Structure formats: C-alpha cells, structure tokens
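Asker: sequence? don't have it. structure:
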C-alpha cells in the first residue's frame, strides 16, 4: 500500500493545490446562504434595494470565482491522477517483466493482466476522486454545521442529531446490501458460466437432445438473479427516501424550534432560511461521502493487489558469460526440484550431460516432470538441490539475457502475437533479415504455406492467431525459435498438431539445417525420439532410464512398456 | 432506434402493472416532494420576528409538512420497488428467451461466432439494456415530472420570476451539452487506447512466460510505454472535460439562485410593481426550487447518453433473436429402432457455396462396420459427423439410417441412435455422476458406476475427494484424458446402436491413453462406428477408410486396397516409418 505513494511524489503540488482550490469553492458555497440571509434581514426589512443589488452581485461573484477554483481543481486532479496512473503502470509492467516464473505462477498471468489494467485504473480513479471530493464533502458537512452553530448554537443541535442519523442510515444500508450485491454478482457469474458451457457443448447437448433441460436450468439461474436483485433492491431503495425524510424532519424541527427562537428574538427570519439551506447541503454532501467510501474501498483493495505484485522480488540475475568452448553444453548434477509451496519434489536426483550438437529426448506421461526438467535449462526455475550447468557454468550464475539469448524455446501451446508474421519471427532477434526468417520458416516446414499467403511475411496475425490452423501456428512457433540459430533448441511436445509426414520432414531439415544446435525434444512417442543421442525416461519426477533407444529397450522397463504400447504400429510397419 | 425501443417494451409488457405503478408513484412522490418547499416557505412566513410568530398556524403547517414528507418518502420507495421489479423481471425474460434461442439456432450460427462474444451479449449487453433503458426510463420520467412540477409551483408562487428561471435554465443545458460534445472526441480516443492497452496486456502479460523465454521484455516495455503515455495524456484531457460538467452546472445554478434572490427580494420590498408581491417565505421556497431545479436536467442528459449505449446493446441482443431457427420437426417420423445400417448416396455439401467440399459421396455401411476417417489436421474430418447428426444439412443427395432418409425423421430420434465422444471433451459444472448420467438423467448410482467401470474411469473417480459427488468443471484440474474417460462413460450408459468417436491427438499420459483405447474398443464391439482415427491400429483394422484432404474425400477403401492404390493414403501411411 505504502509503496504506491512514491508514484505520487512528482505530483505533490497537485495533491496540495487541488484540494485547496476545492476547499475555497466549498467555503464560497457555504457563504452564499449567509449572504442571502443578509439580503432578507437587512435588504428586505430595511427596504434597501441598493443593498439587495449589491449582495446579489456578491453571490454571482462568489459563483464565478467558485467556478474558476473548481475547474482549477478538476484539472489538477486529472493531471495528478493520470500522471500517477501512468507512472504506476510503467513501473508495474517493468516489474512484471522482471518476475521469475515462480512469482508468475504465484499470481497467475490472467490475474497479472487484471492488476495491470483494471486495478491501476481503479486506483487512478481513486486518486482523482480523492483530490476532487475527499476534502470537499466532509468540509461541507462540517462547514454547514459550523455555520449553523455560528448563527445559533442551540438550534444547531438539530444538526448534531440529523447528520449522524443520516450517516447511520447510509452505513446500515450499505452494510446490508454489499454482501447481497456480491451474491447477485455470483448468480450472474453462474449464468455466464452456463451460457459459455452451453455454447461450447452445443454439439453434445444437441446430440443428447438435452436442449430443454439446459433451458430449464438457465431459467432457474435467471430466476435466482431476479429474486436476488429484487431483494437487494428492496433494501437499497430505502436509502434515498429515508435520507430525504430525515433531512426534512430535521428542517421541520429547525422551523419549530427556530420559530420559538424568533418569537423571543434570538433569531431572524433570514437566518432561519439560511438554516434550512444548510440542512439541504448536508444531505447532498453526505450522499457524496457515501459514494466516496465505496470508491475508496475499491481503490484500496486494488492498491493492495498492485502492492502484492510490486512486493514480489525481481528475478535474480547472474553476470557470468558461458564458455563456448566447453564440450558439455548441458549438465545436470544431482538435480532435485520442487515448485514453491508444493509438498513434494517434481524432480528427484537427476544427473546427465549432453554434448554440443547432440539431441536429447525426454519421454514420459503427463505430469511426470518432462517440461519441468526442460524449464531448468534456461533457468526459468532454479534447481532446489544440485546444479544445472550450461557450457560448464552454473545457470544461476549466468546472465539471464545471455543464457536465454542462446536458447530457442518452442512451448507446448503455440502462441502467436498480434502483428505480421515477420514481427512474430523477430521475437528472438529484433533485426533478423527476411532471408534468416525465410530459412527458419523453411526448416520448420512453414514456408510452403506462408509463401502461398497473399501477403507472405506481411500477413497480419490476428490476436491469438485465429486466422491460422493449429498446425500452421505450431510451425510458425517452431520457426520463431529457430531465427538466429540458437545453441540450444527446446521443443516441448511441440509437433502434436503436425501430421506424421510434416513432422518427419521437420526433423530431417532440423538436423541438416542446424547441425550445431543441441536439441532437447520432449515427446510422448518413442518414434519421434528413436534417433536421439540420449533419451531420458521420466516417471514421477525420477529419471528411470537414460540411454539410447536400443540400450533403453533392454534395460528400462518403463521405456519398454511405452514401446510395447506403441507396438501395434511397429507391427504394422513390418506388415507394410 | 424506435423499433428497438419498441421491442424492449414488448418484453416489459407482462409487467405493465409495475410500469403503470412506477409512473403513478413517481407522479405522487415527486409532486409531494415538490410541495415541501412551499410548506417550508409558508412556515417561514409564520415566523416574522420577535413576538410575532403565529404558532397556531405554524403547528398546522408543520403537521401538514410532516405528513407530506412521510407520504412522499413512502411513494418514492414504492416507485423504486416497482422500477426494480419491472427492470429485473423484464431482463430475466429477455435473457431466458435469448438462451432459448441459442439452443434452437443452427450450429452454423454458433460456430460462426466466438463463444465469448455470444456470452457477452447474454450477460453484459442485457445488463446494459436494463440499466440504460428500463431504469433510465424511470429516471427520465421522474426527471420530467420534477421539472414540470417545479415550473408549476414556481408559476403559482410568482410567474414572472418563474419565467426568468425558465429563460436561464437552458444555460445549464447548453453548457452541459457543449462540454459533452467537446469531451466526446477525447473520450472516444481514451476508450480506444484503453482497449489497446488491455489487448496488449492480455497478449503480453498473459503470455509472460514466452515473453521472458524470448527476452522480449525490453521491447514489450517500450511498446507498453508508448500506449501507456498516450493513454495518460488523453486521459487527463478526457477526464478534465467530463469533470467540468458539475462545477459548470453548479455555477449556472448559482446564477439562477442569485437572480431569484435578487428579484424575489426586490419583490418583497415592492421595488417594482412589475415583479408582483412576494413574501420572505415565498422567497425561501423559490430559493429551494432554484437550488434543485437544474439537477433533473443533468440527470436527463445523462439518461440520453446511456440510452444510446443501451439501444446498441439491445440491437446486438435482438440480432440473436432474429436468427432463423431450425425448423420444427415434431411432425416427422420418430425412429424407434435402428439396425445399424447407413448409406450415403450422391451426397453434396459445402459450408460456403463458393468453396465446394463434399462432392458426390456415396458409401454403404453395414451393421457393425467400423469406418475410419483419416487425413491431415484441418482437413474437415468432422464434416461427416456434422452431416450424420444433422448439425448441418446436406445440399443434395441422401443419407439413410436403417433405410430411412435422415431428413424424414426427427432430429432427436436420429441423434439418440448415436453415441458421440469428441476430442474436445465437454464436461459441465456439476458432479461426476451428473456428468456421466447426462444422456440418462434418471440412471441410478449403480448403473453410473457400472458405466464408469466399463469406461475404465471408476478407479480415478474413486480417488477424487468426493468420489462420484465431486463437482467438476471445464477447468477443474482433471486431465484431458480423465475428462475423456468421463465422456466415454456417458456413452457407455446410453448404450447407443451407433458410435462416433474422435481419437485424441494431444498428449495424454500413457496409462490413461491405454485405458481410453481399451474403452473405445469395448464400446465399438458390435456397433456401427465412425472413428476420426489417428492411431494406426484403429485405422488398419477398419472396414472402410475415408481419406480426406482439404474438405474432400479423396480416397475410400480398406487398408490393403488403399496401400495397393499407392495414393495419398499410402504416402501418408509410409511416411510414419521412415526415420
């Protein structure tokens, strides 16, 4: 919370002057009823028209200067809020970029996006409203009460009853309705889920002829929303009328007691009018205050969510350079790894090494630790025990950007970004030439279809790559990692959407086009890894076998089982 | 726009009584609350000065005043209740109708839109309609009531001063609309930049791990700063402009207040006969009116802005309701028994008339045969399924099931002959048991467990925290393979004569995959089945293999025939074994 304040430090001037100008406006606003009282008491009772003219002029003058002050304040508020918001977002985004995978896992990417966009906006709005209203509203309440006291101390007791009474009404109603609104929101979320599920499952629902049941269930959900909304409406609808009533009953009390005071000469008629005026002002100010409380509560919650991200430590970075002459490009020394907060190790006692230009295969079922193992090489995660070395240096001591600059990654899910194909291909290397890009696309078997696109490399990829098929996206994602000839290429089960033929051609051109690149290939299929120089067989986080295909077939039961399960296909081959 | 408004009000029609009551209570509540300043003025007039307070009259007025306040409060509350009921019940019906419609439109419509977009129409757009149109309408009405009422009361007190007020008020209106116009431009720019920023954040921060893996962070930061700074700049402008409205109207209000004060005071002292007679009390009620007179004007201009929004939301909602529905087929024959035979004769089909897909396709399937559909990804293998289950209708030719054309029987009875397991598994939010019993909702627990056992799903379900009563959903932590086993169990329970299966290509862990294979084999025993096949064992042992490429069926025959033919299939098949 407190660390957010520092983004306000360039806007101290606005923070002080803004409320100050608003205060001036409020003071002027409070003076108006007094001037009016003077008009009534002096101008009218003494029949002085020139005085009336003069005082009316004063009211207009108060209005003009009030307007100027208010506009100054609004401008300062907008400038401060957006200046603060912009700086906060820049800092937050920078910080997000510095987070380690472990921290990203902790918050979750969708939540990060929310905090970067929605939460910063809410806080920004909170700052804006703070400058504009946080001083004005309470000041009007207190000021009106003080003015009333100055006019007539005893009569102002009515204020001391009415103001807290209205506050209590606002408080009770908000306290009652906030949880109910939450519940209504939950009901709304449920209908949202139902709608989405029913759209996604349209085929299944129709295949089972269950449309009517879906409709009935939805009907129930919307009935729930309606019932909840009506229930909460019943209570929240009390707020305005009730405040209106208390205020007017207050005015009645003022008139009654005021009448008595006037009768004994303790009060004038004009002052009585001013009194009723202040009463109205208090009500409006209190309603604004209630809205303000809601805005600030939201802003505080958002500020806390932002602080939570900012307080996460940045990723540690080393400063060593890799020794490119070292033969063993990847070495694992008795590596164990547990995700933060996880009860158990995801990897246990893994040791192996890979030489430059070799191919390493990793095989095993889902959740056995294949991707985790690969993620340790670019130091996305740090080994909990033992050490991972690239070119002989512990990855934890290598500069992250140097290390990752030598590695090309193809994630399981092919994610492309808005922009042209060329833009996407320049992710690893910002200044890659078209020739380099086309070569990479050729190796990844992607050029054949990119070439046929009307705009070729300038083809714009829409968000999420919706205008490409799964196989096409995957091939571009592979090509993207190949630009700039990485020393190490990590393929995380990234050919699943390719048909066998394309997959095979890709593997061929990979070994012929990038002979010096060390390939780490994760796969489910033994056929894809058969030619690897080394295969690691993973089960439950442990390497149950390390060796070549033919070695493992003899020595490793798990590998043998995997192979057998895919035997059918081998036999088929023999038949064919 | 009027057309759309009318349609919304058709939905409000059943709640006409709430609507009328809203109007009635608004009229009563507003007029009573407007009478309050008059009584206050009269009460002030009773308190002229020392020793001359008319208490007898004052008491009467105060009692009247108190009653007015209480009743006005009561009516305002009733008005809110009626508005709420009107709005919430109307949109409930609208939502139910739209959902209803979505279950009846051809799949083509659903396939042609993103799920998020349609969901947003059902949820957000309808919410906006409720806020903008229904609640806006009552606000509009009570605003108009307040303005007219205030005018009448002011006219009654002193029509000359009232006319001055009437002449001055447009100032507030003009100022507000000038500001809105001036801010509109920067407002639009701001919301566009905000959209850009959210899109950028979703793409980059949403894929933060890739950004890091590629060392793209510095470049991403530059881009973000660019958007962020532009957003900050335009934000100051847009916010400042829109925040001018309040002080400006307050200022206009102040002007009116001053003029009323001036004229009223002059009237009281009889400065000019033109103004007419006034009292201090009347002046004070006049001042009270002047104080609250511009408020409804602001509210009404706000309502107009929201109305625009609401109408475009309503149009999006109604566009769903205007979609053509699948024709009612309840008068067609209900297929009661299915012998498992199927034939396609001279079938033509295309999604888009410009792109021809299936041309003159014929195939005879005997009971119990297994048909494999193979081909590269995206070749349109699911088209056959779409046609079989009549998710889409063929352009010409004939498909017969049990010797009956599928267009002559009801869709429900056609579909009930098929069990379908798609690669894109679908589980809904509900318990495991409910998910399995989806096709047979009244199945007892014993049968559900039996089906789960047959689908090799029992052992993992047993290990879930609440077993069969564990609530699951699309993103509940079940693996893709486990979800598929649940979908298979669903079909096991149904026991349909025909099957449609889509084998998984994605990585499923070995043990689960073996289970799925066994479950599939068991399911297919004695049933006519269509399999979108990826595994060679499935393909090779099929009675007929349909080879598809770019939406067309280019080869058909059994494995031996196709290999012998040496065409696309043979090429595809052999490519797997060359290393």
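Answerer: Good, I have the coordinates. Since we're looking at a predicted model, the values are computed, not measured.
Asker: For the rest of this, base every contact and every neighbour count on C-alpha atoms.
Answerer: Noted.
Asker: Next up, the contacts around whichever residue of the stretch 351-500 of chain B sits closest to chain A.
Answerer: The nearest approach of the stretch 351-500 of chain B to chain A comes at residue B:415, 5.2 Å away (C-alpha to the nearest C-alpha). Counting by C-alpha atoms under 8 Å, 6 or more residues apart in numbering or on different chains, residue B:415 makes contact with A:206, A:207, A:208, A:209, B:389.
Asker: out of those residues, which one sits closest to residue A:452?
Answerer: The closest of the contacts of residue B:415 to residue A:452 turns out to be residue B:389 (C-alpha to C-alpha; 34.9 Å).
Asker: just checking, that closest one touches residue A:207?
Answerer: Yes: look at residue B:389 against residue A:207 with C-alpha atoms under 8 Å: they come within range, at 7.2 Å.
Asker: Name the next helix or strand following the helix ranked longest in chain B along the chain.
Answerer: Across chain B, the longest stretch assigned as helix under DSSP state H is helix B:55-102. With elements assigned by DSSP states H and E, the helix or strand that comes after helix B:55-102 is helix B:107-111.
Asker: Whether that next one contacts chain A - can you check?
Answerer: Yes: judged by C-alpha under 8 Å from any C-alpha of the partner chain, helix B:107-111 and chain A are in contact via B:107, B:110.
Asker: And that helix, what does it pack against?
Answerer: Where contact means 3 or more C-alpha pairs under 8 Å, 6 or more residues apart in numbering or on different chains; DSSP states H and E, helix B:107-111 is packed against helix A:202-207.
Asker: any idea of the mean pLDDT for the longest helix of chain B?
Answerer: Per-region confidence: helix B:55-102 scores 89 on mean pLDDT.
Asker: And what about residue B:347, helix, strand or coil?
Answerer: The three-state assignment at residue B:347 reads strand, by DSSP: H, G, I helix; E, B strand; the rest coil.
Asker: any idea how far chain A is from it?
Answerer: The gap separating residue B:347 from chain A is 22 Å, by C-alpha to the nearest C-alpha, to the nearest Å.
Asker: can you check residue B:217 too?
Answerer: For residue B:217 relative to chain A (C-alpha to the nearest C-alpha), the value is 6 Å.
Asker: show me what contacts that residue?
Answerer: The contact partners of residue B:217, by C-alpha under 8 Å, 6+ apart, come to A:97, B:211.
Asker: longest single helix anywhere in chain A?
Answerer: Ranking each helix of chain A by length (DSSP H) puts helix A:211-263 first.
Asker: do that helix and chain B meet?
Answerer: Yes: applying C-alpha under 8 Å from any C-alpha, one finds helix A:211-263 touching chain B at A:211, A:215, A:218-219, A:222-223, A:225-226, A:229-230, A:233-234, A:237-238, A:241-242, A:244-245, A:248-249, A:252, A:255-256, A:259-260, A:262-263.
Asker: if we can go back for a sec, out of the contacts of residue B:415, which is nearest to residue B:245?
Answerer: Proximity of these to residue B:245 (C-alpha to C-alpha) peaks at residue A:206, which lies at 53.2 Å.
Asker: Quick one: residues contacting that closest one.
Answerer: Neighbouring residues of residue A:206 by C-alpha under 8 Å, 6+ apart: residue B:415.
Asker: From residue B:97, how far out is it?
Answerer: To residue B:97, residue A:206 is 18 Å away according to C-alpha to C-alpha, to the nearest Å.
Asker: Secondary structure class of the residue most central in space within chain B, three-state.
Answerer: By C-alpha atoms, centre = their mean, chain B has its centre lying nearest to residue B:122, at 2.2 Å. Classification of residue B:122 by three-state DSSP places it in helix.
Asker: Now do the same for it: its pLDDT.
Answerer: For residue B:122, the model assigns a pLDDT of 86.
Asker: Who are the contact partners of residue 228?
Answerer: If you meant another chain, say so; for now it's chain A. With contacts defined as C-alpha under 8 Å, 6+ apart, the neighbours of residue A:228 are A:180, A:183, A:184.
Asker: think we crossed wires, I meant chain B
Answerer: If a contact means C-alpha under 8 Å, 6+ apart, then residue B:228 has A:86, A:89, A:90, B:197 as its contacts.
Asker: burial count for residue B:2?
Answerer: 8 (other C-alpha atoms under 10 Å in any protein chain shown).
Asker: What number of residues are in the vicinity of residue B:410?
Answerer: Residue B:410 has 17 neighbours, counted by other C-alpha under 10 Å.
Asker: what sits against it?
Answerer: Under the criterion of C-alpha under 8 Å, 6+ apart, the neighbours of residue B:410 are B:329, B:330, B:331, B:332, B:333, B:334, B:335.
Asker: Among those, name the ones that also lie close to chain A.
Answerer: Applying C-alpha under 8 Å from any C-alpha to the contacts of residue B:410, none is adjacent to chain A.
Asker: Which one (most neighbours) among those?
Answerer: The most crowded member of the contacts of residue B:410, judged by other C-alpha under 10 Å, is residue B:335 (20 neighbours).
Asker: Can you verify my assumption that that one contacts residue B:411?
Answerer: No: using C-alpha under 8 Å as the test, residue B:335 is too far from residue B:411 to be in contact (9.5 Å).
Asker: any idea of the mean pLDDT for stretch A:112-132?
Answerer: Stretch A:112-132 carries an average pLDDT of 86.
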